[in-house]
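Colleague: just to be clear, the model below is a prediction. Sequence and coordinates:
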Amino acid sequence: MTFFLSWHETNKYEINYYHYTVVIDACAKTTQWTKALQFLGMMTQSEVESNTIAASAVISACEKACRWENALHILSVMSQSRMELDTIAFNATISACAKGNTWERALQLFSDVAESEADTMTFNATISACESSGEWEKALSMFSVMTQRKVECT
């Protein structure tokens, strides 16, 4: 993070959403969820408009680190900020809930995803959340809905 800021000060280049998003994505891929969250905050503080891609990358970092509360918070902030809530953000948050054994939250998020937008990953993450919490009846019910909607099973 220090390098990022000193580079900006030394070179006097304008840092835009693309730069922040690339750094956030790199943090997400290396499970540096706290740094990803810090960069998202810096992005907002520097008046660079946060975007769905950057926020979704932070949610993915939180999911990989089993930080479901943080993932839910970021999704909530995205909604309040009128950012587009895409399938990637929902899927990562549902997966974070699965890792946190919070199947109720996963089902709630699933119900928030538009029927036409729920994809294989959405169903898999929700079924996994139910399964990891011992809610096999709910998992079976989700699988039934998945086959009714003709969503590809993997």
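Modeller: Done, it's in.
Colleague: quick one: contacts of stretch 93-110?
Modeller: Stretch 93-110 is contacted by residues 59, 62-63, 66-72, 74-75, 90, 118, 122, 125-126, 128-130, 132-133, 135, 138, 142 when judged by CB atoms under 8 Å, 6 or more residues apart in numbering. No exception for glycine: its C-beta is placed from N, CA and C like everyone else's.
Colleague: quick check: buried residues in stretch 70-79?
Modeller: Asn70, Ala71, Leu72, Ile74, Leu75, Met78 (16 or more other CB atoms under 10 Å).
Colleague: give me the contacts around that stretch.
Modeller: 33, 37, 40, 52, 55, 58-59, 62-63, 85, 89-90, 92-93, 96-97, 105, 109.
Colleague: before we move on, the earlier item: how about a markdown table for the buried residues of stretch 70-79, with distance to Ser46 added?
Modeller: Shown next, in a markdown table, are the buried residues of stretch 70-79 (distance: CB to CB, whole Å):
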| residue | distance to Ser46 |
| --- | --- |
| Asn70 | 21 |
| Ala71 | 23 |
| Leu72 | 25 |
| Ile74 | 18 |
| Leu75 | 22 |
| Met78 | 18 |
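Colleague: restricted to helices, list those.
Modeller: The helices, defined by DSSP state H, take in Asn70, Ala71, Leu72, Ile74, Leu75, Met78 from the buried residues of stretch 70-79.
Colleague: now, of the contacts of stretch 93-110, which are buried?
Modeller: Buried by 16+ other CB under 10 Å: 59, 62-63, 66-68, 70-72, 74-75, 90, 118, 122, 125-126, 128-130, 132-133, 135, 138, 142, out of the contacts of stretch 93-110.
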